[in-house]
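Engineer: Turn this into a structure:
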Amino acid sequence: MTSIALYRRYRPQTFEDVLGQGHVTETLQAGIREGRVAHAFLFSGSRGTGKTSTARILAKALNCEKGPTPTPCNVCETCVSITDGRSLDVIEIDAASHGGVDDVRDLRENAMLAPAIASRKIYIVDEAHMVSTQGWNAFLKTVEEPPEHVIFVFATTEPHKVLPTILSRCQRFDFRRVSSSTIADHLAEVCAAEGFTADSGALQLIARAAEGGVRDALSTLDQLASGGSITVAEASRLLGVAAGDALFEFIDSLAGGDTAAAVHAIARLVDDGQDLRVFARALVDHFRALLLTKHVEDCESLIDVTEETRARLSGQADTIAAPKLLHLLRLFIDASAEMRQQVSPRLALELAAVRATMPEVDDSAAAAIARIERLERLLDVRGTAISAADAPVIAKPASDPQPTPAVAPAEEAPQPAKKAVKKSAPEPVKAPEPPPVAPHLESSAGGLLDIEKLRRSWAVVLEEVRKQSRRVHAYVAETKPVSIDGKVLLLETPFPFHAQELEADRNARIIAAAVAGVFGVNPRIKAIAKVPDAEPDEPDFGSTEPAGDPLDIVRAGFGDVVIEE
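Structural biologist: Numbering: from 1, shown residues only. Okay, the predicted model is just below:
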């Protein structure tokens, strides 16, 4: 037994059933209610948005036994025959196969005949842009001055291909793409009515893949239901798109400069049979969402995603600097264009990933600018304040008997403190130990990142953090780099609470991304709170023992004193 497809079973039967096209249906209902119905309509819009279904509902509204009415009853003989597609007075024509001059002449001759049963004869010409120029010219006079009982409805996905002379004689209605949330809600209602068990994530994935077409979404749901499992994994496999987690992980590897992780992610997509062209388009959409999230307030209406995905987008946008985000967006727009022309889409995607994670090997102008900016930061060309360790010694005036040097000489060993009362034999002076060598990190720019270089350019790193997140900048503004050990950067902060916040995953990624943007390395962040200095011992004022002979005290302080009797 052959079952009826879901998109046919759930085709809209009233104007209220048409999803997401209120601007069209309300205008048509008002025209019917006031008796102002045009003789020719042009319904334009992408596939599956309800053009032909709305034309059928319009035919029922005009020919209903209770009408003309904006709410057809769907139970009278005329409404039922139009719904079943067997009405003699509602003629649907596929212009893709009947768009020639002879076909238009036959249509024009039949239009002159009176309707068989209904009060109006409705011609629904689907794919109207496929009518040839000669066919339109033969049709022009009839469209301009049709018989009173005839109404033409032209449906097309490409209205720019319709002759302007025809467009000027029609009332045009543009059907919009239906939002993913609306489609997902409709799919949930269909699943409830059919008894299907479906994951909400799978319905969201189906709705996004439909790109605003309700019919495409219902067809995909029907195919998944036939397989018996409507899950995210099955929907991803069927649609050939990567799940949201794969997109987020891939972009995290790009932002962190991890070439190996990005290339391995592409290999996994190939092994899973994913379409890399679809993945590249999804990446471009993801970068657009990140860009809008980062720079546009109240962008909810511009990004059609769930609240959970919106929160993840906000977190990821905070970890990527705006210039790098724009650079990545341009890279994968170009890669998507190249993949349509190349035999190997995998190579184009891998090249884009390498260029994104290793700008030093890219010969493009954008990569050259990125390398120049990195070198400027490393050399403090942008005016970074010179640290005290590199400041020149300023000579003090000659009147100052003991000028204090700006930097203590490294060759002088610390002298032992002198005792106030008891003198002891001089201790042998030990040779000064060499100063500890600061650990370092290998830099992708070819040099070594040591702790002193990091301290000198710490202001630049703080500025990068401020650009990404003012909240994190407030935590890190009072910190100072302590050491670099392996791939761990240790920061010292005045407060324990700040240390906890700096080690939080999201905040640590922002700081690491700022360091990577300046020095080309991506360290792991650790933070410690500064231990307060020990307070000096207070003198004991509670002692009642005699302090000794007052004269001895005076002599100890001022030497021998002659006291006259």
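
Engineer: from here on, contacts and neighbour counts on C-alpha atoms
Structural biologist: OK.

Engineer: quick one: the helices in the stretch 451-565 of the chain?
Structural biologist: 451-456, 458-468, 470-476, 496-503, 505-519, 550-558 (DSSP state H, counting those that start in this stretch).

Engineer: Looking at these, which is nearest to A114?
Structural biologist: The minimum distance between A114 and those falls on helix 458-468, with 70.6 Å, by CA to CA.

Engineer: Pull out the buried positions in that closest one.
Structural biologist: Of all the residues in helix 458-468, those buried under the rule 16 or more other CA atoms under 10 Å are W458, A459, V460, V461, L462, E464, V465, R466, Q468.

Engineer: now swap in stretch 249-265 and tell me
Structural biologist: Under the neighbour-count criterion of 16+ other CA under 10 Å, stretch 249-265 has 250-259, 261-263, 265 buried.

Engineer: which residues touch that stretch?
Structural biologist: Identification of contacts with stretch 249-265 by CA atoms under 8 Å, 6 or more residues apart in numbering yields 246, 316, 319-320, 350, 353-354, 356-358, 513, 516, 522.

Engineer: Pick the most buried one from the helices of the stretch 451-565 of the chain.
Structural biologist: When the helices of the stretch 451-565 of the chain are scored by mean count of other CA atoms under 10 Å, the highest mean neighbour count falls to helix 505-519 (a mean of 22).

Engineer: Please save the CA atoms from it in CSV.
Structural biologist: C-alpha atoms of helix 505-519 as CSV (Å, rounded to 0.1, in the frame of the first residue of the first chain):
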residue,chain,number,x,y,z
ASP,A,505,38.1,28.1,31.1
ARG,A,506,36.4,30.9,29.2
ASN,A,507,38.5,33.7,30.8
ALA,A,508,41.7,31.7,30.4
ARG,A,509,41.0,31.2,26.7
ILE,A,510,40.6,34.9,26.2
ILE,A,511,44.0,35.6,27.9
ALA,A,512,45.7,32.9,25.9
ALA,A,513,44.2,34.2,22.7
ALA,A,514,45.5,37.6,23.5
VAL,A,515,49.0,36.3,24.1
ALA,A,516,48.8,34.3,20.9
GLY,A,517,47.8,37.4,19.0
VAL,A,518,50.9,39.3,20.2
PHE,A,519,53.5,36.6,20.4
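
Engineer: Out of the helices of the stretch 451-565 of the chain, which is closest to L218?
Structural biologist: Nearest to L218, of all the helices of the stretch 451-565 of the chain, is helix 505-519, at 38.7 Å by CA to CA.

Engineer: picking that back up, need the contacts of stretch 249-265 in CSV (columns: distance to E34).
Structural biologist: As requested, these are exported to CSV (distance: CA to CA, whole Å):
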residue, distance to E34
A246, 54
Q316, 53
T319, 57
I320, 56
E350, 61
A353, 60
V354, 64
A356, 60
T357, 63
M358, 66
A513, 63
A516, 67
N522, 68
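
Engineer: picking up where we left off before, would you mind putting the helices of the stretch 451-565 of the chain into JSON lines with distance to V482 and mean pLDDT alongside?
Structural biologist: Output for these, formatted as JSON lines (distance: least, CA to CA, whole Å; pLDDT from 0 to 100):
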{"stretch": "helix 451-456", "distance to V482": "7", "mean pLDDT": "80"}
{"stretch": "helix 458-468", "distance to V482": "12", "mean pLDDT": "84"}
{"stretch": "helix 470-476", "distance to V482": "13", "mean pLDDT": "84"}
{"stretch": "helix 496-503", "distance to V482": "13", "mean pLDDT": "84"}
{"stretch": "helix 505-519", "distance to V482": "15", "mean pLDDT": "84"}
{"stretch": "helix 550-558", "distance to V482": "44", "mean pLDDT": "48"}
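
Engineer: Tell me the buried residues in the longest helix belonging to the chain?
Structural biologist: Selection of the longest helix in the chain by residue count, based on DSSP state H, yields helix 276-295. Neighbour-count burial for helix 276-295, counted by 16+ other CA under 10 Å, picks out 276-277, 279-284, 286-294.

Engineer: following it, which helix or strand comes up?
Structural biologist: Downstream of helix 276-295, the next assigned helix or strand under DSSP states H and E is helix 307-318.

Engineer: how far off helix 458-468 does that next one point, in degrees?
Structural biologist: In terms of direction (axes from the mean of the first three to the mean of the last three CA atoms, to 10 degrees), helix 307-318 departs from helix 458-468 by 150 degrees.

Engineer: For helix 307-318, could you pull out the residues that count as buried?
Structural biologist: By neighbour count on 16+ other CA under 10 Å, the buried set for helix 307-318 is R310, L313, S314, G315, Q316, A317, D318.
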